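**Student:** Any chance you can model this:
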Amino acid sequence: MPDLDIVVNGRTYRVACGPGEEERLRALAGEVDNRISGLVRSFGQVGEAQLLLVAALLLADELDENRASQQRLQGLDERAADALHALADRIEQLAGSLEHA
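**Tutor:** Numbering: from 1, shown residues only. Below you'll find the predicted structure:
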């Protein structure tokens, strides 16, 4: 497993990742660092643990919102599919009626 140095809030951390995942880990670390930087601008340096906790909670909230949105979209997809099936059935009924007319 490759080791990678990432920087968050000015501190360097060494983390391991799977082969070929280095660039993704760097990008993710950059996102976390951006979140932490935003918190520092808003609240100041309130302590590393506190900043990391708040950033983790904000990311967890965003993930939860995205999951809820995905479930709502999935429900819409299912209703749309049901409506299309009902419409297809109705078209077949009409076509059958026209054939017998």
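
**Student:** make it CA atoms for all contacts and neighbour counts henceforth
**Tutor:** Noted.

**Student:** Packing partners of the longest helix belonging to the chain?
**Tutor:** Ranked by residue count and defined by DSSP state H, the top helix of the chain is helix 48-100. Judged by 3 or more CA pairs under 8 Å, 6 or more residues apart in numbering; DSSP states H and E, helix 48-100 is in contact with helix 22-43.

**Student:** packing partners for the helix it packs on?
**Tutor:** Helix 22-43 packs on strand 3-8, helix 48-100, going by 3+ CA pairs under 8 Å, 6+ apart.

**Student:** Okay, angle between the longest helix of the chain and helix 22-43 too, please.
**Tutor:** Interaxial angle, helix 48-100 versus helix 22-43 (axes from the mean of the first three to the mean of the last three CA atoms, to 10 degrees): 110 degrees.

**Student:** I'd like the numbering to begin with 220 instead of 1 from here.
**Tutor:** I'll keep to 220 as the first residue from here, and by that count the last item is helix 267-319.

**Student:** now helix 267-319 against strand 222-227, angle please.
**Tutor:** Using the same axes, to 10 degrees: helix 267-319 against strand 222-227 is 100 degrees.

**Student:** Tell me which of the helices and strands packed on helix 241-262 sits nearest to A246.
**Tutor:** With CA to CA as the measure, strand 222-227 is the member of those nearest A246 (9.8 Å).

**Student:** now the next helix-or-strand element following the closest one: mean pLDDT?
**Tutor:** Using DSSP states H and E, the helix or strand that follows strand 222-227 in sequence is strand 230-235. In this model, strand 230-235 has an average pLDDT of 95.
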